[in-house]
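> what's the 3D shape of this:
(3 chains)
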Amino acid sequence: MIAIGFAGTAKNTGKTTAALTVLEQAQRAGLRLGLTSIGYDGEALDHITGLPKPRYLAPAGTLVTTAHDVLDSGTAKLQLIETLDSSTLFGPVVLAKVEQPGSLVLVGPNHKAGLRSALQRLEELGVDLALVDGALNRLAPMSVCDGLILSTGAAYDQRIPVIADHAYALYRLFRLPVLPPAADIQDENFVLTYSGGKTKTLPGTSLLTKEAARDLCQLISTPVSCLEIPGVCAPDAILDLIECGLSQLAGGQLVFRSALNLAASKDARTWLKVFNRALSLGIKIFVRESIPLRCVTVNPIFPEFTTRSGQYQYGRVDADKLIEVVTTRLSDIPVVNVMDKPQPDLLGWLEIPIKGKNHEP
Amino acid sequence: MGSARAQVADAIDIETFFICRNAEDARRLALQLAEELNLTDASIVFLEYVGIGARVRLRSYVHRPGEHYGWLENRAEV
Amino acid sequence: MKTVILAPLDPVHDNAVKLLQRKLTEAGYRALALPPGVTAEEVIERALAETPSAILVSRTLGYQVAETLSGLVDLADAAGLRPHTRLGVGGMAVTREIGAELGFDGVFSGDLDLAAVVAFIENRPIERNTAAASAARPKPDLTAGYSYHFKDPMIEALLDEITSQLLSWVKGKSSPGIRRAQIREAMLAEPTDSAEKSRLQEHYLQQCDTEIRAFYQAGNMPEGVRWLDRSEMERLPSLTAAVAAANSVRHIGDRPLIFTQYGTGCPLMDAVHIKVAEAWGADGLLHFDPSWGAQREGLLDGLLSHEHDGTILTLDNLRLIKTALAPHLLWNVRGHRGLNTPETQVLAQAAGADLLKINIPYGATGGGTDPVRLAVDGVYSLRLAARFGLPFDIPGNDELSGVPPHKTFAGLLVMTMLGLKLGARPIPKPLMCYSPYMMVEGCMEDNFIDMNAAKLRVWSEIIDAPIWPGEPVGFMTHTPDRVQSAMTTAAHVALAKDLGASAVTMASSDEAYSKGPISAQARVDTLRAAREMLRFMGSAGFSTTPAAERLQAQLHEGIRHQLEIIAKRGDFVAAIYEGLLGSPEDGLHPGRTGRGTVQEQAA
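Now for the predicted structure:
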């Protein structure tokens, strides 16, 4: 099974539209589908803006993991198979099968561990392709997926260069070189490695504030060849660490646990400053785990609050220019507007092995 | 005789109760009702969903401050 | 001691956080409140150091705020906190749907519900009025804890004399109403389609008016009545599940129980109104039937809808309505005033009612039934209430015709004593109202508190019994304006609570609207208003002026004096005819329906 996460840079960037496009293409290809969400998807109107939202129309036979209380919120007829081990604001997460096609509301596991076990069950039940719809700008649970489709657009920012910079920063995070897991490194602490290969463990896992960065810096008194940080990091804190520990860190390596641990904090664009500063000091940056970014979708439409009516309406930026500028920045992965015709081959970019499979009709 | 709507000082409120499944349903129904009643510039002032349905106050502004008011223009014509 | 981190995630406001910190500290938690302006990164850093059981965030929602909140959730997940730290969010406009979208485990909106917050921190279900919880909730007994001990021996002696006379007078008397009740009980004991049941039905019809017979024999429907469709019936169950997370009208304490009335004419619409009342916090419902039902000998049968006020009393209608009532709700079926009073008690009990309603003097005047007939039927009905083990309430609505309260209360007390003598449990219902008598006499010109306080407090000088102001409270203070109507109802509910009432019956905000049925939204309005008023009052109370004590003393004396007159008359039924419990001058006339139908039974 392949699990694909649909992540966004903000609300209303087109995650669900991208997921629905893949769903439609996978259905045509005869794949056995699994669907879930880390948020709340499938509602007719957006909970915040009140604007219409794309709805999930699931073919018969699709397996879904969603919350018990929303099982009959759509028009699809669902057969409950089993209750899974995580719960949501809408009751326990359950596994169900679409018996009669129709619309669905998806409220699946809202964190990484819950999503991991839900995907595991879908795989055991013979799903070929599992689609995980994201929520707002949340990325962390997606670390258990096999690939990511990132949606961005004018809902993130109405300035096209800012959208492009931000997408580029995320792209860079997902493209950080990956080191194999280090067997001798303890998970829960900072680890310093000196030039002779000797290591030292320092208390702490994450660097989220400047104060924490300075505290750590004061503990690094001699030059190190590698600093490994297992937890989450804020780019501001890492910049401070680099500036504070210039002489000890220069020419060495900074190793983070996961690209998603970096993407979770603040504006990803600040990481570009980190990368540039590290480059100038000869510091190489690695991660232990990453997730392949398969493609980026862009959405020129955004909800705009109008004081005239006190409500949200649709606004839009120049669609052609948006796709052109973002494509220029992300030169080697596909960038598409899924509303364009002909519809882009998202399924093809996901590299899903579909030939030779024996599928239910 | 001018339209009654023009004589509305500022807004029309509709007080009602929807039998529906959840608050989201109620929001959708309220805005749909506004459309069906041809009420423009509609918004939901108050909505409380409990169990069986939702108590809703739906508002449609006819005149917002700063606009040209129908009731003032009609008066000028008189 | 479990640790909880409280974060405003707001540049300025942290009142909710401070309040919650105090409450959680009192509840035995280590509640760490972070200052306004703290970032998601700082919250997570603190959480990594403290490993809290929960992080609770308070923030009013706006479009950009959503991303800030979801950023915190994402960081918590990436940092590995989620397996042991629950994430909750509270604030204006945060709904369950938004909370789920943001990835939170819990959402808190509206007033602080500490029990819900604690349940969330402890990761156990929040106890709500779910179907199971409703079924598990014991039904409150309004009469529990009351001794019915008379504190005024003079009144007790007078009531003993009056009721002894009445009980001896009814001996050997019967009526078509009593015979139908007896036949109905026999029919209920028979299996459907039994030959005996058909024979009983024939016998029943012999005791009915021609109009009722025509319904059974020729299928003639009274005007505005129709059968319910099968398809309508089949769709009803979706409306009848118990309401999850229903509101409570009360802020503190378990009294007064809140009752509302229904009787839209259609049992299906009644089901909707019952669910609305349940959802917005009612504890009980009262069934109202059409006024013409009281004036015909015999009741209709089957599932019937009616285009006008009042839902037709049939066993099928009652059973259908019962399916809409959550198990914890109390249910009263009124049968206090007409020609079918005894049979109504039988049907109510068979359908599962919890309370009955019987008042002879009121039904024999304001209700329009002949005093002789209702005295005979009423006493029989009280015997049924005793046999069924169901409490009965005694409405005092004759005040609305202009009767002074001391006369109405004399009648309520006679019914109370009568019920006690027959082994039933009475609940007097003095009316909190702005009655014609009060308007004429000017007793309530300054305020509505003194007189109502006098009317409720006088009971505690006479007898230790539950008091249930109804039907509804604030009668004649309502106008068709919904704000005014909800406001006056709420004020009367709060006053009733302050005066120690066991229950109140509440109107909707359509109480004074006379051109159509009550709307669902009007039901919500008064329940919301009462909830707000009880929240506002809490344990605080009203204060009366010196007039209240004077009015109470006058009322007490007036009751005693009136009972003396009735006792002296030596014939309770004659006393009703002669206006001793409300005269034509007061606005009350003895009823005439059913005159001449009471028969002496052969010894």
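> what's around the nearest residue in space to C:Ala181 that is not next to it in sequence, how many residues?
Take C:Ala181 and drop its neighbours on the chain: the residue closest to it by CB to CB, 6 or more residues apart in numbering or on different chains is C:Pro342, 3.6 Å away. C-beta here means a position set from N, CA and C on the backbone, and glycine is covered the same way. Neighbour count of C:Pro342, defined by other CB atoms under 10 Å in any protein chain shown: 28.
> which ones are touching C:Pro342?
C:177-178, C:180-181, C:335, C:377, C:380-381, C:384 (CB atoms under 8 Å, 6 or more residues apart in numbering or on different chains).
> C:Arg199: which of those residues is nearest?
C:Arg180 (14.8 Å; CB to CB).
> ramachandran angles for C:Leu257?
phi -70, psi 140 (degrees, to the nearest 10).
> wait, A:Leu254
Residue torsions, per degrees, to the nearest 10, at A:Leu254 are phi -110, psi 120.
> give me the distance between the closest residue to it other than its chain neighbours and C:Leu588.
Nearest residue to A:Leu254 in three dimensions, chain neighbours excluded: A:Ile285, at 4.9 Å (CB to CB, 6+ apart). Relative to C:Leu588, A:Ile285 is positioned 93 Å away (CB to CB, to the nearest Å).
> just to revisit the earlier point, secondary structure element for the residue nearest to C:Ala181?
helix C:341-351 (DSSP states H and E).
> could you export that helix as CSV, CA atoms only?
Provided in CSV are the C-alpha atoms of helix C:341-351 (Å, rounded to 0.1, in the frame of the first residue of the first chain):
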residue,chain,number,x,y,z
THR,C,341,-61.5,12.7,33.8
PRO,C,342,-61.5,9.2,35.2
GLU,C,343,-60.7,7.6,31.8
THR,C,344,-57.9,10.0,31.2
GLN,C,345,-56.2,8.8,34.3
VAL,C,346,-56.5,5.2,33.1
LEU,C,347,-55.0,6.1,29.7
ALA,C,348,-52.3,8.2,31.2
GLN,C,349,-51.2,5.5,33.5
ALA,C,350,-51.3,2.9,30.7
ALA,C,351,-49.1,5.1,28.4
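> up against chain B, what does the stretch 1-150 of chain A have?
Within the stretch 1-150 of chain A, the positions adjacent to chain B are A:43-45, A:47, A:50, A:73 by CB under 8 Å from any CB of the partner chain.
> find the nearest non-adjacent residue to C:Pro361, please.
Spatial nearest neighbour of C:Pro361, excluding adjacent residues (CB to CB, 6+ apart): C:Gly411 at 3.6 Å.
> one more: B:Glu73?
Nearest to B:Glu73 is B:Ala6, by CB to CB, 6+ apart, at 7.5 Å.
> the one you found falls within a helix, correct?
Yes - assigned with DSSP: H, G, I helix; E, B strand; the rest coil, B:Ala6 falls within a helix.
> I'd guessed it sits against B:His68; true?
No - in this structure, B:Ala6 is not within contact of B:His68 by CB atoms under 8 Å, at 10.4 Å.
> what sits closest to C:Thr489 if chain neighbours are left out?
C:Thr526 (4.5 Å).
> correct me if wrong, but the one you found is in a helix.
Yes - applying three-state DSSP, one finds C:Thr526 inside a helix.
> which ones are touching it?
C:485-486, C:489-490, C:506-509.
> per-residue confidence for the residue of chain A positioned farthest from its centre?
Among the C-alpha atoms of chain A, the one most distant from their mean position (CA atoms, centre = their mean) is that of A:Gly196, at 37.7 Å. At A:Gly196, the model reports a pLDDT of 85.
> swap in A:Ala130?
Predicted confidence (pLDDT) for A:Ala130: 96.
> next, the buried residues of the helix ranked longest in chain B.
Using DSSP state H to define each element, chain B has its longest helix at helix B:23-36. For helix B:23-36, the neighbour count (16 or more other CB atoms under 10 Å in any protein chain shown) marks B:23-31, B:33-34 as buried.
> any idea how far the residue nearest the centre of chain A is from A:Ala268?
For chain A, the residue sitting closest to the mean C-alpha position, by CA atoms, centre = their mean, is A:Leu139 at 3.6 Å. Between A:Leu139 and A:Ala268 the distance, using CB to CB, works out to 10 Å.
> one more: B:Val56?
B:Val56 is 41 Å from A:Ala268, by CB to CB.
> could you do C:Leu167 as well?
Separation of C:Leu167 from A:Ala268 (CB to CB): 89 Å.
> so which of the two has more stuff around it?
Between C:Leu167 and A:Ala268, counted using other CB under 10 Å, A:Ala268 has the larger neighbour count: 23 against 15.
> tell me which element the residue nearest the centre of chain C falls in.
Closest to where the C-alpha atoms of chain C average out (CA atoms, centre = their mean) is C:Phe259, at 1.2 Å. For C:Phe259, the host element (DSSP H and E) is strand C:257-262.
> got the contact list for that strand?
C:140, C:142, C:249-250, C:270, C:273-274, C:277, C:281-288, C:311, C:330, C:332, C:468, C:470-472, C:493, C:502-508, C:523, C:527, C:530.
> could you redo the last one with a cut-off of 7 Å?
The contact list for strand C:257-262 (CB atoms under 7 Å, 6 or more residues apart in numbering or on different chains) reads C:140, C:142, C:249, C:270, C:273-274, C:277, C:281-288, C:330, C:470, C:472, C:502-506, C:523, C:530.
> what sits against C:Glu232?
So C:Glu232 contacts C:Leu268 (CB under 7 Å, 6+ apart).
> before we move on, what SS does it have?
Secondary structure, three-state DSSP: C:Glu232 is helix.
> any low-confidence regions in the stretch 151-300 of chain C?
C:237-238, C:240, C:242 (pLDDT under 70).
> and the closest residue to chain A within it, how far from B:Ile12?
Going by CB to the nearest CB, chain A is nearest to C:Ala244 of the stretch 151-300 of chain C, at 9.0 Å. Going from C:Ala244 to B:Ile12 by CB to CB gives 33 Å.
> can you confirm the residue nearest to C:Pro361 is in a helix?
Yes - according to three-state DSSP, C:Gly411 belongs to a helix.
> how many other residues sit next to it?
29.
> I'd guessed C:Gly310 sits against C:Phe288; true?
Yes - C:Gly310 lies in contact with C:Phe288 (CB atoms under 7 Å); the separation is 5.4 Å.
> overlap of the contact sets of those two?
C:Gly263.
> for the chain, which residues score under the pLDDT cut-off?
In the absence of a named chain, chain A is used. In the predicted model, chain A carries pLDDT under 70 at residues A:183-187, A:306-310, A:353-361.
> ah, I was thinking of chain B
Ranges of chain B meeting pLDDT under 70: B:1, B:76-78.
> same check, this time on chain C
Scanning chain C with the threshold set as pLDDT under 70 gives C:62-63, C:126-136, C:237-238, C:240, C:242, C:602-603.
> what does it put close to chain B?
When proximity is defined as CB under 7 Å from any CB of the partner chain, chain C approaches chain B at C:95, C:97, C:239, C:243-247, C:272, C:275-276, C:279-280, C:519-521, C:524.
> can I have the buried ones of those residues as a ChimeraX selection?
Only the buried entries of the residues of chain C next to chain B go into this ChimeraX selection, using 16+ other CB under 10 Å:
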select /C:95,97,239,243,244,246,247,272,275,276,279,280,519,520,521,524
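> which ones among the residues of chain C next to chain B are found in strands?
Residues of these located in strands (DSSP state E): none.
> you'd agree C:Leu20 is in a helix?
Yes - remark: C:Leu20 belongs to a helix, assigned using three-state DSSP.
> report how many residues lie close to it.
Neighbours of C:Leu20 using other CB under 10 Å come to 23.
> that one against C:Leu6, yeah?
Yes - the pair C:Leu20 / C:Leu6 is scored as a contact, 5.6 Å apart, by CB under 7 Å.
> quick one: the closest residue to A:Thr193 other than its chain neighbours from chain B, how far?
With CB to CB, 6+ apart as the criterion, A:Thr193 has its nearest non-adjacent residue at 4.0 Å, and that residue is A:Cys226. With distances taken as CB to the nearest CB, to the nearest Å, A:Cys226 is found 51 Å from chain B.
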